[in-house]
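**Q** Fold the following.
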Amino acid sequence: MKKHLVVLIALLLIPGVLSSQQLGLGAVVGSPTGLALKYMLGRSSAFAAHAGWSIIGDKGIHITGDYQYLFHMVIRTAEGATVSSLAPYVAAGGRFRFKERNGDNEFHLGMRIGGGMEYMLARVGIFLEIVPVINLIPETDFDLEGGLGFLFYF
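**A** Numbering: from 1, shown residues only. Predicted coordinates for the structure are as follows:
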């Protein structure tokens, strides 16, 4: 299982490594807790992925992937100046979760729709996100994921 996770992360990294200034690597604490990756597709869009483990509730490996639409320069100070280093975003994507229960491996598939904010400090981004998940497989139910993390942009 861990070998598959390493291969998936490597495949996600290859496009970003080939084009500099657009790839962010870091960590996230929450659900999941683990590695964070963000590949900027343009000024206002990005692909973000997290790979990690559940530390609350049912233990298991999570792999998420989201398309993000960023809203730069929409937050203003009291004086009316824009805060260009703070970018709220909406995200939509999917989640794979593998967990072990009673000696059996379970596979879960869900749809993620949520959002968050990222604050840029030079080459470091600090983000906070909350993402509701609609689980589709093996049964339909609701989950909530989110986390606080950082990304170092190359």
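
**Q** what is the rounded mean pLDDT of the strand ranked longest in the chain?
**A** Ordering each strand of the chain by length in residues (DSSP state E) puts strand 104-121 first. Strand 104-121 comes out with an average pLDDT of 89.

**Q** Now it: buried residues?
**A** The neighbour-count check on strand 104-121 (16 or more other C-beta atoms under 10 Å) flags His108, Gly110, Arg112, Gly114, Gly115, Gly116, Glu118, Met120 as buried. For the C-beta atoms, the positions are set from N, CA and C on the backbone; glycine is no exception.

**Q** by how many degrees do the helix or strand just after that strand and strand 104-121 diverge?
**A** Sequence order places strand 124-137 as the next helix or strand after strand 104-121, per DSSP states H and E. Taking axes from the mean of the first three to the mean of the last three C-alpha atoms, to 10 degrees, one finds strand 124-137 and strand 104-121 inclined to each other by 150 degrees.

**Q** Against which helices or strands is strand 124-137 packed?
**A** When contacts are defined as 3 or more C-beta pairs under 8 Å, 6 or more residues apart in numbering; DSSP states H and E, strand 124-137 sits against strand 23-31, strand 86-101, strand 104-121, strand 141-153.
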